[in-house]
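K.L.:
Below are the sequence and a predicted model for it; my questions follow.
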Amino acid sequence: MSTGSSRYIDGDSRSFTWTDLKKGKRYSFKVYAINDVGSSSGSSASSTVKIK
């Protein structure tokens with residue numbers, strides 16, 4: 001499973017398309033909020049998905 005990649009998305013965005021995922025690899029995702037107060041601890045990781 002790939003680890004350590006990050007993308008910053010504007011707070012007004014409602015979706016995001018990750019374009020560089022590799023076919024046959026497995027990924028899971030977490031969401032963090034970052035603002036003037038600091039950053040959140042993050043969401044629970046998503047279920048692992050395999051890119052087809």
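P.N.:
Cool, got the structure. Residues are numbered from 1 along each chain as shown.
K.L.:
what does the lowest-mean-pLDDT helix or strand in the chain contact?
P.N.:
Comparing every helix and strand of the chain by mean pLDDT, DSSP states H and E singles out strand 34-35 as the least confident one, with a mean of 87. The set of residues external to strand 34-35 that reach it, using Cβ atoms under 8 Å, 6 or more residues apart in numbering, is Y8, G11, S40. For every residue, glycine as well, the C-beta is placed using N, CA and C.
K.L.:
Kindly report the same for stretch 36-52.
P.N.:
Taking Cβ under 8 Å, 6+ apart as the criterion, the residues outside stretch 36-52 that touch it are 1, 21-34.
K.L.:
Now with 10 Å, please.
P.N.:
By Cβ atoms under 10 Å, 6 or more residues apart in numbering, the list of residues contacting stretch 36-52 from outside reads 1-2, 18, 21-34.
K.L.:
ok so, going back, the least confident helix or strand of the chain pairs with which strands, parallel or anti?
P.N.:
Paired with strand 34-35 in the same sheet, following DSSP bridges, are strand 38-39 (antiparallel).
K.L.:
after the partner strand comes which helix or strand?
P.N.:
For strand 38-39, the succeeding helix or strand toward the C-terminus, using DSSP states H and E, is strand 49-50.
K.L.:
Measure how buried R26 is and give me the count.
P.N.:
With neighbours defined by other Cβ atoms under 10 Å, the count for R26 comes to 12.
K.L.:
Relative to A45, how far out is it?
P.N.:
12 Å (Cβ to Cβ, to the nearest Å).
K.L.:
Right, I'll call it a day here.
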